[in-house]
Structures are given as structure tokens and as C-alpha cells.
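okay, structure incoming, though there's no sequence with it:
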């Protein structure tokens, strides 16, 4: 059985594809060459399952998507106190490249705007590090986050350095107030190389899921960051990751997120998954237009909003599986939301059912949401298409609407209708 999740992601992309508002970033010559029609999406669960759709293998540069991860690395290397000495944690309400610092202590307001990101980058590998060594430390770190060797786009780096006057102005201001020690050109050059690291939308989803997973890369199992570092990073992302659109974002989507002017957008649902989209057209705040649309749909469909009061997590949804020669019974429990349904579908996909009938037993589930119900039914439909009979045992009617995507209904049975080795379900 193939999991339906990539098909769901493709459905989301289809819904947002016709929105052609916005424009590709043109203040960097290389970014102005971007294909505006690219559109991709990916998600990675904290259990290491990666799903994607659309232009999921197209490579693009991180740009500002690098900021939360470098902030996390600085926290990991130096601790919160040392990092807070050079950058604040408050939302700015200003554009990402605003020429401004705190009036009282001259620190950048937060690490998600350019001034703060340049300052944070200068902490990596030690303030006395040579620029080349600092860049290699960053490239290696991002490669660990993605689970594969990442490279720097030389053409993008050169193009960005040619138009870095504003970032150079920020670096001179930071140097003037002893926030950074490197020469302004070296500071900006290092920051630009960080922004020029190349990823795919699948890489972004895995990197985001690493933050969701308390710093453990969910695919490789590599422990990269401490859980407290991830918590602090996600907190700053939630208030400042979407620049001067951060308030609307948290109200409408409700998950920590970060955007980049190359068209990437990532979001992290702590303890559950990382999500990413790629679409180069940007709105006036520098956020991907279709990416924002896609995240709004994902959040609504999947119940991702952090402030939601009707979701409960943490129970293994598959209580047990029993099987004989003619019957497989999968006993479910807890709340069946997206995260639970994904776990169930993955187990179904990996299972060898033998022959006969596959039954979902639902007497121990405490509730379902719309996406959980939809995914369960789609999983059962795909099992049926693989040649098996399907049914549910649902004494409390949790799956009241049993209509599947092809218009047929999931058959409903009673416990006594099915028996494993002679014992009723």
C-alpha cells in the first residue's frame, strides 16, 4: 500500500497553484532569475518519515531560512547568556533589512532580521575564528541537519556580495558599537555564504523536524542540538520568524515558522513534524505567497495551530496488531489526528497482511478530527485496492461518515463478526 500523504500534499499544491500574486526577489541578480512557477511541499515527522510533492528536488539557496538554525548553533556553542549579550529576542515589527538597533544597548532586536543574523553568525566557531573556518563550520552543520552533504552556490554568493551595501552598513553599525569584532566585509561575506547554501524543500522539512524533535535529526538519529536550544529557537521563530507579518501568521497559521527570499518557507510543530514549501513569488513582506496559502490550508486541515484547544497528543495510536491466516486486526487508541493517522498509515504500509480481511478496531479511540478520519478512510481504500477485504469495528460511531474518496463506504462489523484464532475481536 502507498501512503496517501504525498497525494494530500499534491492536493494542497493544486489548490494554491493558480495564485500568481507577488514577484520573485529582484534585488539580488541571481534571485531575479528564479523560475516563478516552481511549487513544492514536503513534511517530515519526528519519527523520520519524509513525504513530498511537486518540485521537491529543485535546489534553491537558504537565504534567511538559515537564521534560526544559526541562532540555534550559537546557543548550543555559547549558551543563552552570551548570545543575548549581542542580540535581543523581541519582535521588531520592521522589515528584515531595517537599519536599526536597540537605542539603549545598540543590540539588534532579534536574530531573525539581518542585523541580528550578521551578529549571530560572527559568534560561530568562536569570535576569533577565521572567516573560512567559520563558513566550513556552518556548511558542515547544515549538512548534518539535512542528512546529506550541502554545497554553497558560488554564483549566488558572488551576486549577493555585489549588492550588499545595506548589509555592509549594518555590519559597520554593529562594529561601531563593538557588537561584532570582524571587519565589516568579512562579516557580511560570511553571512552571505551562509545564505548561499543550497537545499531542496525535502531538506527543509527534515531540518525543521530536527527542531521539532528536540535537536535529534529524525532520519539519521544524529543528536545535533539540545532540547532547550530548540525550545528557545522555536520561541523566537514564533514571534519574529515572519518579520512584520509575524502577528498575522501566528493568528492564522499558529506554528513557529521562517521564510526566505528565495521562496522557501518552513514551519515546525514541536514534538510532531516539520513542514516546508517552495514557491519563489514573494509578498511585500518577503514571504512566499503560495507558501503562505499552503500553510494556512495545512494548518486548518491538519489541526496544527499551537493555540488549538481540541487536540491532544502523545499516545501511541496502534495499541496492538493481531493476525491469523485469514484476518488482520489493528487495534487503535487515543485521539486520531494527523500525527496519529500518519503513524497508523506508516505501520499499515509496512505490514504484511497475508490474505483475507483487514479490520480496524476503534473501541479504544477517544476521538478523531477531520484529517484523521480522512486519512484512515483513504488508507483503508488503498488496502482494498491492494486486494484485501476491509472493515471497521466501531461501537461508538467515531467514524460515522464511512464514505471513502471513491464514493464507497467502509463496511462496519461487530466484534463477534471477526475472530482471531477462534477468539472474537
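Thanks, I have the structure now. If you're wondering where the values come from, they're calculated on a predicted model, not measured in any experiment. Numbers count the residues shown, from 1 in each chain.

can you map out the strands along the protein?
40-45, 50-54, 60-61, 198-199, 257-259, 264-269, 273-278, 318-323, 327-336, 357-368, 389-393, 412-413, 419-420, 423-424 (DSSP state E).

what residues does the second one touch?
For strand 50-54, the external contacting residues (Cβ atoms under 8 Å, 6 or more residues apart in numbering) are 3, 5-7, 9-10, 12-13, 39-44, 201-202, 205-206, 219, 278. Any C-beta I mention is one placed from the backbone N, CA and C, and that applies to glycine too.

do the fifth one as well
Residues lying outside strand 257-259 but in contact with it, judged by Cβ under 8 Å, 6+ apart, are 64-65, 67-68, 112, 237-238, 241-243, 249, 265-268, 286-288, 291, 295.

how many residues are close by the closest residue to residue 250 other than its chain neighbours?
Spatial nearest neighbour of residue 250, chain neighbours left out: residue 238 (6.2 Å); criterion: Cβ to Cβ, 6 or more residues apart in numbering. If you count neighbours by other Cβ atoms under 10 Å, residue 238 ends up with 20.

you'd agree residue 238 is up against residue 256?
Yes - the criterion here is Cβ atoms under 8 Å, and residue 238 meets it with residue 256 at 4.3 Å.

which residues do the two both contact?
By Cβ under 8 Å, 6+ apart, the residues touching both residue 238 and residue 256 are residue 306.

that older thread, want to try a markdown table for the strands of the chain, with mean neighbour count and distance to residue 227 as columns?
Putting these into a markdown table (neighbours: other Cβ atoms under 10 Å; distance: least, Cβ to Cβ, whole Å) gives the following:
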| stretch | mean neighbour count | distance to residue 227 |
| --- | --- | --- |
| strand 40-45 | 28 | 17 |
| strand 50-54 | 22 | 22 |
| strand 60-61 | 27 | 29 |
| strand 198-199 | 22 | 24 |
| strand 257-259 | 28 | 19 |
| strand 264-269 | 29 | 13 |
| strand 273-278 | 30 | 15 |
| strand 318-323 | 15 | 26 |
| strand 327-336 | 21 | 23 |
| strand 357-368 | 20 | 27 |
| strand 389-393 | 19 | 38 |
| strand 412-413 | 16 | 43 |
| strand 419-420 | 14 | 41 |
| strand 423-424 | 10 | 43 |
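
will you turn the ones you listed into CSV that also has distance to residue 381?
Output for the strands of the chain, formatted as CSV (distance: least, Cβ to Cβ, whole Å):
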stretch, distance to residue 381
strand 40-45, 21
strand 50-54, 18
strand 60-61, 35
strand 198-199, 34
strand 257-259, 33
strand 264-269, 27
strand 273-278, 23
strand 318-323, 19
strand 327-336, 15
strand 357-368, 11
strand 389-393, 8
strand 412-413, 15
strand 419-420, 23
strand 423-424, 26
